[in-house]
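Colleague: The sequence isn't on hand, but the structure is:
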């Protein structure tokens, strides 16, 4: 942003030197330069979205053009079909949301925690061979989702590597990609709950019962969850590492001088500083996790028992395989809304809360501007060392 | 700055405080033995995790040289018994695999070249050229980054079909030519280089495109390499777009082809060596790219969080 300031002067000078001529040429060049990007985005992004919006309100059957005169406007019928229709379309959509919700619930926290752990370990100053570890953890991220899925199908096959290793410990591994039972159901079965309470089977939402909503990810889905954690932790590790490097080391030193141990330093000094990186990782994770498609297309096609069906794959299936283009487009738009809603929700949850006046007075008398305080002092609570370091920082700058 | 923040009363503390060799003030540091144990624990943990991350790929390489029976009987082993090249034979001699590879290569090269050019043109205009609507264009580009890709599956198909580009290379390449994130990266980079160089060229009478092409672009090498890496990796690994832009077997790319292999396209049985060999070959180009530009890739991702 500082660039605009430095830019203003020369261009003003230049404008006086060459009146109008160059400015006009520059304007034309500017538009010519962005034209390809605008055209391609327009033709392959905006127009498609508008067309799909129309299709989601139409009865287009896949024959000819959706803009042909024979195609009728049917209002919200497609949306009603998948949300209240009571048929297969509704229960499939409900199932796909259930599956993906469990996927999100497990993948987002686990991949964030693991990538943060890796970043902290790899960033330790005493570590030698940092490059090796960083490469090892990051490598899965560069491979294609198709290649990783193929590998995963082998690792988690009935006679695969994972089950072989489980067998070394005397246990029998599950039939991973053919096991539709949910983890929560299995756990309940483990404690003796084999028949669902009637209260949970009586009602439901989107065509599946509450009992099925709480089933948890199926064993097959769980294998895909592990895969997602495996492939994304490296990328997010890099984001965290960069953030860790940019932390002022004097903060940790000050905390150390004041007697904070490594555990306290991490939770009260390092972690609050990582807030922006944490926000980035959670947002990217959340957005990515609602878009599960490649793995399902390559690996399971929704099987076993529809427990790996995701909205993204269902949208594809409804359109390209069942020729229900209206349903498919409607699913895509609902998915779009879900992703936007979650991103906004998260932005709201992780917003910088204004620091209370009492706290501000307690730690930083008259030193800190409200904009600066939240990342440091507010979240650290009683961590006096960090707060005092923060106030010194404020004083120095 | 960090020097000034330390209170004057305290002795200066070395940056790498917890190393065993530098014992600062007695009593405040953990004893030497504990530091050594902590270091051993750190290495043990890291090596164990690294094993989990690397072993699957080692198994993949080994299994691609196994027979089907051996792959099922001894999946964990890293040494094929007996060695078999049947998977590679079949892939290259008796399947469409070479064609898939060729298609992927064509698309990736076109997309990468095109993206580098279009994205840097737009990035330069948004960073440097003054024209009405610049802020709007930039806002649109940022907004586009937020649109999730899988939501566009059906929409893209509809437009490609409408334009008669379904089942053509053009339809596979054109929509991938522009990447909003790339425009963003290039704009940020161009803003970071000083204007004075361009000023000089302008005084010498060079036109806008000439300044861009022969003065600014050569200076943007680091950012261009980042774009090349992202485009190459992105288009080589792309699956969804190729599913919705073509159904003709002659236009199948590696991702689509290998996905069909996973679903059992080349005959019955598990055929794990065959599938893993195909996935392995598919991984090699991006892996090579990764190891060549490793430092740059790591830094590119790091840069993303700093703005």
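Modeller: Everything's here; your move. Quick caveat: nothing in here was measured; it's all calculated off a predicted structure. Residues are numbered from 1 along each chain as shown, chains lettered A, B, ... in the order given.

Colleague: Give me the helix or strand of chain B that scores worst on average pLDDT.
Modeller: The helix or strand of chain B with the poorest confidence is helix B:2-5; it has a mean of 36 (mean pLDDT, DSSP states H and E).

Colleague: So the top helix by length along chain A, near chain B or not?
Modeller: Across chain A, the longest stretch assigned as helix under DSSP state H is helix A:88-122. Yes - Helix A:88-122 lies within reach of chain B by CB under 8 Å from any CB of the partner chain, at A:118, A:121, A:122. Quick note: C-beta positions are derived from backbone N, CA and C, even for glycine.

Colleague: re earlier: next SSE after the least confident helix or strand of chain B?
Modeller: helix B:32-64 (DSSP states H and E).

Colleague: Spell out which parts of the stretch 251-397 of chain A neighbour chain B.
Modeller: Neighbours of chain B within the stretch 251-397 of chain A, by CB under 8 Å from any CB: A:253-254, A:256-257, A:259, A:276-277, A:280, A:287, A:290-291, A:293-294, A:297-299, A:301, A:312, A:315-316, A:319-320, A:325, A:328-329, A:332-333, A:335-336, A:339-340, A:343, A:389, A:392-393, A:396-397.

Colleague: Helices along the stretch 101-250 of chain B, start to end?
Modeller: Secondary structure of the stretch 101-250 of chain B (DSSP state H, counting those that start in this stretch): helices at B:134-145, B:153-162, B:169-173, B:180-192, B:196-203, B:208-210, B:217-219, B:221-236, B:240-245.

Colleague: So which other helices or strands are in contact with the first one?
Modeller: Just to be clear, that refers to helix B:134-145. If contacts are counted by 3 or more CB pairs under 8 Å, 6 or more residues apart in numbering or on different chains; DSSP states H and E, helix B:134-145 sits against helix A:21-41, helix B:97-128, helix B:180-192.

Colleague: swap in the last one?
Modeller: The criterion is 3+ CB pairs under 8 Å, 6+ apart, and the helices and strands that helix B:240-245 contacts are helix B:153-162, helix B:169-173, helix B:254-262.

Colleague: Where does pLDDT dip in the chain?
Modeller: Unless you meant another one, I'm taking chain A. For chain A, applying pLDDT under 70 flags the ranges A:1-23, A:352-397.

Colleague: right idea, wrong chain: chain B
Modeller: Low-confidence segments of chain B (pLDDT under 70): B:1-30, B:265-269, B:297-307.

Colleague: Give me the distance from stretch B:130-143 to the chain's centre.
Modeller: 27 Å (CA atoms, centre = their mean, to the nearest Å).

Colleague: Please identify the buried residues of that stretch?
Modeller: Residues B:131, B:134, B:137, B:138, B:140, B:141 are the ones in stretch B:130-143 that count as buried (16 or more other CB atoms under 10 Å in any protein chain shown).

Colleague: For chain A, state which of those is nearest.
Modeller: residue B:131 (3.2 Å; CB to the nearest CB).

Colleague: need the contact list for that closest one.
Modeller: A:26, A:27, A:28, A:29, A:30, A:31, B:125 (CB atoms under 8 Å, 6 or more residues apart in numbering or on different chains).

Colleague: With residue A:213 instead?
Modeller: When contacts are counted by CB under 8 Å, 6+ apart, residue A:213 touches A:98, A:204, A:205.

Colleague: Buried among the residues of the stretch 251-397 of chain A next to chain B? Make that a ChimeraX selection.
Modeller: This is the ChimeraX syntax for the buried subset of those, where burial follows 16+ other CB under 10 Å:
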select /A:253,254,256,257,276,277,280,287,290,291,293,294,297,298,299,312,315,316,319,320,325,328,329,332,333,335,336,339,343,389,392,393
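
Colleague: Can you tell me which of the residues of the stretch 251-397 of chain A next to chain B end up in helices?
Modeller: Per DSSP H, these map to helices at A:253-254, A:256-257, A:276-277, A:280, A:287, A:294, A:312, A:315-316, A:325, A:328-329, A:332-333, A:335-336, A:339-340, A:343, A:389, A:392-393, A:396.

Colleague: Now do residue A:88 against chain B, distance only.
Modeller: 19 Å (CB to the nearest CB, to the nearest Å).

Colleague: Can you get me a residue count around that residue?
Modeller: Here the count is done by other CB atoms under 10 Å in any protein chain shown, and residue A:88 has 11 residues near it.

Colleague: Verify the contact between residue A:306 and residue A:95 for me.
Modeller: Yes - between residue A:306 and residue A:95 there is a contact under CB atoms under 8 Å: 5.1 Å.

Colleague: neighbour count winner among those two?
Modeller: Neighbour totals were compared for residue A:306 and residue A:95, and residue A:95 leads with 25 against 18 (other CB under 10 Å).

Colleague: and the more buried one, what does it touch?
Modeller: Residue A:95 touches A:207, A:208, A:212, A:306, A:307, A:309, counting by CB under 8 Å, 6+ apart.

Colleague: Ok, residue B:119 next?
Modeller: Residue B:119 is in contact with A:37, B:178, B:179, B:182, B:183, B:185, B:186, B:227, counting by CB under 8 Å, 6+ apart.

Colleague: thought the fourth one was touching residue B:227?
Modeller: In this case it means residue B:182. Yes - applying CB under 8 Å as the test, residue B:182 and residue B:227 come out as touching, 5.1 Å apart.

Colleague: which neighbours do those two share?
Modeller: Here residue B:182 and residue B:227 have B:115, B:119 as joint contacts, going by CB under 8 Å, 6+ apart.

Colleague: ok, the residues of helix A:88-122 next to chain B vs chain B, which is closest?
Modeller: Nearest member of the residues of helix A:88-122 next to chain B to chain B, counting by CB to the nearest CB, is residue A:121, at 5.7 Å.

Colleague: Next, work out how far apart that closest one and residue B:43 are.
Modeller: Separation of residue A:121 from residue B:43 (CB to CB, to the nearest Å): 10 Å.

Colleague: swap in residue A:282?
Modeller: Distance from residue A:282 to residue B:43, counting by CB to CB: 30 Å.

Colleague: Could you do residue B:153 as well?
Modeller: For residue B:153 relative to residue B:43 (CB to CB), the value is 45 Å.

Colleague: Specify the stretch among the helices and strands packed on helix B:134-145 that is closest to residue B:209.
Modeller: Nearest to residue B:209 among the helices and strands packed on helix B:134-145 is helix A:21-41; the distance by CB to CB comes to 6.8 Å.

Colleague: Okay, angle between the following helix or strand past that closest one and helix B:153-162 too, please.
Modeller: Once the chain leaves helix A:21-41, the next helix or strand it forms, by DSSP H and E, is helix A:47-56. Helix A:47-56 and helix B:153-162 are oriented at 100 degrees to each other (axes from the mean of the first three to the mean of the last three CA atoms, to 10 degrees).

Colleague: Which elements pack onto helix A:47-56?
Modeller: helix A:325-349, helix B:153-162.

Colleague: which SSE is the closest residue to residue A:295 other than its chain neighbours in?
Modeller: Nearest residue to residue A:295 in three dimensions, chain neighbours excluded: residue A:149, at 5.0 Å (CB to CB, 6 or more residues apart in numbering or on different chains). Taking DSSP H and E as the definition, residue A:149 sits inside helix A:145-155.
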